[in-house]
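1. dropping the sequence and predicted coords here.
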Amino acid sequence: MTDLQNILQEFRAESKTEREKGTYFEELIRIYFKHEATYADLYSDIWMFKDWADEQGVDARDVGIDLVAKTRG
């Protein structure tokens, strides 16, 4: 099994709900975008939608948006 498969299996095992499983996956992808060279150079910041919405003072209910990224430049 690959490292990614192991991580996803752990998410499945530890999650109590589908929402929790999705949140774990979204956080994994956010971290990947922040640290993988191609994306790290492209984005200056990446937020979970709820965190971004709270900072912007807008409705943070689930509307199908998982992540919000700010591009460099």
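-> That came through fine.

2. buried residues, the longest helix anywhere in the chain. List them.
-> Across the chain, the helix with the greatest residue count (assigned by DSSP state H) is helix 18-35. Using 16 or more other CB atoms under 10 Å as the burial criterion, the residues of helix 18-35 that qualify are 21, 23-25, 30, 33. All C-beta spots, glycine's among them, are computed from the backbone N, C-alpha and C.

3. would you map the helices across the chain?
-> 3-14, 18-35, 37-42, 49-56.

4. which one is residue 59 nearest to, not counting chain neighbours?
-> Distances taken as CB to CB, 6 or more residues apart in numbering place residue 53 nearest to residue 59, at 6.5 Å, with adjacent residues excluded.

5. surely the one you found is in contact with residue 62?
-> No: in this structure, residue 53 is not within contact of residue 62 by CB atoms under 8 Å, at 10.1 Å.

6. more neighbours, the two?
-> residue 53 (17 against 10; other CB atoms under 10 Å).

7. ok so, going back, just the closest of the buried residues of helix 18-35 to residue 12, please.
-> Using CB to CB, residue 21 comes nearest to residue 12 of the buried residues of helix 18-35, at 6.4 Å.

8. that concludes my questions; thank you for your assistance.
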